[in-house]
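Chemist: Let me see the structure of the following:
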Amino acid sequence: MTATDVIAVLNPISGGGIARTRWAAVAEELARRDVSTDVVESTSSTDARRLAEEAAASGALTVAVGGDGQIREVATGVLRVPGAPMGIVTAGRGNDMARHLRIPDEPSAIADVLTDGRRKDLDVLTVGGEIAVGNVYVGLDSVATELINKLRWMGPLAYRLAPAIAALRWKPAAFRIEVDGAVHEGPVHMVVIANSGWYGSGLHMVPAAASDNGRIEVLAVDGAGNKLKLISAMGEAKTGAHVARAEVLTFSGQEVVVSADRPIPVHADGDYLQELPVTVGIRTAVLPVLVPR
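Modeler: Have a look, this model is predicted:
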């Protein structure tokens, strides 16, 4: 590789501030491989997208340094330059997209991926003018995410406490879920519209999801049962065993429309997007990302 072939777009607040030190270690490993690097720090989502687009347009390998939200922002910018590749350095709280792609944490292994990784062309979900690389979700989980974001100072522990607190306050909404024209209506606790299927800092929420299969996998948790069943189901989500439960509903398609009987926030990859209703589509094989061989 030649000078400035790798440009990192870094979110300085990701993971409680570990992004700078994580990237410095990776950059040192890249230097040992005679790869010169540059780093730019984003100050907002708009800034991250602009910096990523500029990096991609320069012909560099554009690297997202941060969590799932930073990956989404950088991907949005990179997608403005068709065919431009992207790399990932994990430095967030959840790192669920990196988990799905099996991106390593160790700096030397990350450098190996950035210099000699395999190109994987990912699908992305579309939500109006926005995209999601991992998942779109609404219901108890999106309400919990808003609480998680208020508890950033707690680190990974927030991913365990916030859902429990949110569940105590939550009442299921009457949802209408339409997947390729097929409709499900009734009380629902949460809906996950999945590209990667991993979220919540290591929950394998939608095991059937794959970011390169050209389909959207949808999981909903029926709200007719009591909250104890919901909490029990979430306890099984670490392994994906929860999908065998009767109250867990699954669908698959290429367009998903979700509405409910009250305003509920819609989140994507940890960030707020809009309120319901929402229509989610898919763009197939549009985002080249370097992954381990």
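
Chemist: from here on, contacts and neighbour counts on C-alpha atoms
Modeler: OK.

Chemist: now the stretch 151-293 of the chain, which segments are flagged as low pLDDT?
Modeler: 152, 156, 231 (pLDDT under 70).

Chemist: Which residue ranges of it form helices?
Modeler: 158-169, 227-236 (DSSP state H, counting those that start in this stretch).

Chemist: And for the longest one, what's in contact with it?
Modeler: Which is helix 158-169. 140-141, 143-145, 147-148, 151-152, 200-201, 227, 231 (CA atoms under 8 Å, 6 or more residues apart in numbering).

Chemist: What subset of the residues you listed is buried?
Modeler: Leu140, Asp141, Val143, Ala144, Thr145, Leu147, Ile148, Leu151, Arg152, Gly200, Ser201, Lys227 (16 or more other CA atoms under 10 Å).

Chemist: and of the residues you listed, the nearest to Ala109?
Modeler: Distance to Ala109 across the buried ones among the contacts of helix 158-169 (CA to CA) is lowest for Ser201, with 21.1 Å.

Chemist: Report the distance from stretch 262-279 to the chain centre.
Modeler: 14 Å (CA atoms, centre = their mean, to the nearest Å).

Chemist: Identify each buried residue in it, please.
Modeler: Those would be 264-273, 276-278, for stretch 262-279 by 16+ other CA under 10 Å.

Chemist: Serialize those to JSON lines and add fields for distance to Leu125.
Modeler: Output for the buried residues of stretch 262-279, formatted as JSON lines (distance: CA to CA, whole Å):
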{"residue": "Ile264", "distance to Leu125": "19"}
{"residue": "Pro265", "distance to Leu125": "17"}
{"residue": "Val266", "distance to Leu125": "13"}
{"residue": "His267", "distance to Leu125": "12"}
{"residue": "Ala268", "distance to Leu125": "9"}
{"residue": "Asp269", "distance to Leu125": "11"}
{"residue": "Gly270", "distance to Leu125": "14"}
{"residue": "Asp271", "distance to Leu125": "14"}
{"residue": "Tyr272", "distance to Leu125": "15"}
{"residue": "Leu273", "distance to Leu125": "13"}
{"residue": "Leu276", "distance to Leu125": "16"}
{"residue": "Pro277", "distance to Leu125": "16"}
{"residue": "Val278", "distance to Leu125": "12"}
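
Chemist: Nearest to Val78 among these?
Modeler: Closest to Val78, out of all of the buried residues of stretch 262-279 and judged by CA to CA, is Asp269, at 16.8 Å.

Chemist: check contacts around the closest one.
Modeler: Asp68, Gly69, Arg72, Ala132, Val133, Gly134, Asn135, Val136.

Chemist: With secondary structure, neighbour count and pLDDT as new columns, can those be given to me in CSV?
Modeler: Listed next are the contacts of Asp269 as CSV, based on DSSP: H, G, I helix; E, B strand; the rest coil; neighbours: other CA atoms under 10 Å; pLDDT from 0 to 100:
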residue, secondary structure, neighbour count, pLDDT
Asp68, helix, 30, 94
Gly69, helix, 24, 93
Arg72, helix, 26, 97
Ala132, strand, 30, 97
Val133, coil, 25, 98
Gly134, coil, 29, 96
Asn135, strand, 29, 96
Val136, strand, 28, 97
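
Chemist: Distance to Arg49 added to the residues you listed, as CSV?
Modeler: Shown next, in CSV, are the contacts of Asp269 (distance: CA to CA, whole Å):
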residue, distance to Arg49
Asp68, 14
Gly69, 11
Arg72, 9
Ala132, 14
Val133, 14
Gly134, 17
Asn135, 19
Val136, 19
